[in-house]
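Colleague: The sequence isn't on hand, but the structure is:
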């Protein structure tokens, strides 16, 4: 009898655990980009987009949440990136940005310029601060999830082929400020689908009922 009870309880527990999460198919978008000049002419295409002038060689890679940047100072002088004046601009809407080393909670505070000595290479990321937010947690008898910092996708799902955005980035070189506009254009958009697990409150409730009620039934 006890062995039968054990097997039954184990079976019901496994069934309930499997129902704690449900799987659904969700769409997600992938994009390809080009870099263009201020007149809309293509500078570069591909996963790594490179801008070159007499002062810098800068390569960008547009990720899901941020823009990765590798910048080389080609001059014989120290260069500084003025982060407080750097903007991510889409649809005419300028947004303040944050970069590596900045805590999410401090994203709207003043940022020290990044110093790039002569003939050195600097790696960083660019994230619009409007995309960073605090996700509230929830707690109940059926389950819980702690809060945490989240980052929205850099490219919204409504983005279409031909849409553009840019990074406005002033830099000082030998005491003179030069304003750079790095312009990006969506060359292609593809929608694909993936399976995603989501938390199932009903399944968790069933699990709690199995663990608490079934043993009581065998006692009576």
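Modeller: Arrived safely, thanks for sending. All values reported here derive from a predicted model rather than from experimental measurement.
Colleague: So which residue is smack in the middle of the protein?
Modeller: residue 65 (2.4 Å; C-alpha atoms, centre = their mean).
Colleague: which residues does that one contact?
Modeller: Applying C-beta atoms under 8 Å, 6 or more residues apart in numbering, we find residue 65 in contact with 127, 131, 151, 152, 153, 154. For every residue, glycine as well, the C-beta is placed using N, CA and C.
Colleague: and the closest residue to the third one other than its chain neighbours, which of the three is it?
Modeller: Excluding the flanking residues, the one nearest residue 151 by C-beta to C-beta, 6 or more residues apart in numbering is residue 65, at 4.7 Å. Secondary structure state of residue 65, per DSSP: H, G, I helix; E, B strand; the rest coil, is coil.
Colleague: Pass me the low-pLDDT residue ranges in the protein, would you?
Modeller: For the chain, applying pLDDT under 70 flags the ranges 1-21, 139-144, 196-220.
Colleague: partners of the strand ranked longest in the chain, with directions?
Modeller: What stands out as the longest strand in the chain, according to DSSP state E, is strand 176-199. Here strand 176-199 is paired, per DSSP bridges, with strand 21-36 (antiparallel), strand 164-173 (antiparallel).
Colleague: Is it possible to get CSV of those strands that adds mean neighbour count?
Modeller: As requested, the strands paired with strand 176-199 are exported to CSV (neighbours: other C-beta atoms under 10 Å):
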stretch, mean neighbour count
strand 21-36, 14
strand 164-173, 19
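Colleague: who wins for proximity to residue 136 among those?
Modeller: Ranking those by their distance to residue 136 (criterion: C-beta to C-beta) puts strand 21-36 first, at 21.0 Å.
Colleague: how about the helices in the chain?
Modeller: Secondary structure of the chain (DSSP state H): helices located at 2-18, 201-219.
Colleague: separation between residue 119 and residue 55?
Modeller: Between residue 119 and residue 55 the computed distance is 12 Å (C-beta to C-beta, to the nearest Å).
Colleague: overlap in contacts of the two?
Modeller: Residues touching both residue 119 and residue 55 (C-beta under 8 Å, 6+ apart) are 73, 74.
Colleague: Domain boundaries for this structure, per the record?
Modeller: Using automatic domain parsing, the domain parsing of the chain gives 1-20+200-220, 26-194.
Colleague: Distance check, the residue lying closest to residue 110 once chain neighbours are set aside against residue 169.
Modeller: The shortest distance from residue 110 to any non-neighbouring residue, by C-beta to C-beta, 6+ apart, is to residue 84 (5.7 Å). Taking C-beta to C-beta as the measure, residue 84 falls 11 Å from residue 169.
Colleague: What of residue 158?
Modeller: 26 Å.
Colleague: got it, and residue 69?
Modeller: Distance from residue 69 to residue 169, by C-beta to C-beta: 9 Å.
Colleague: Now do the contacts for residue 48.
Modeller: 59, 60, 61.
Colleague: Can you tell me how far the closest residue to the second one other than its chain neighbours is from residue 63?
Modeller: Spelled out, it's residue 60. Excluding the flanking residues, the one nearest residue 60 by C-beta to C-beta, 6+ apart is residue 49, at 4.7 Å. Here the criterion is C-beta to C-beta. By it, residue 49 lies 12 Å from residue 63.
Colleague: Name the nearest residue to residue 80, ignoring sequence neighbours.
Modeller: Per C-beta to C-beta, 6+ apart, closest to residue 80 is residue 113, 4.1 Å.
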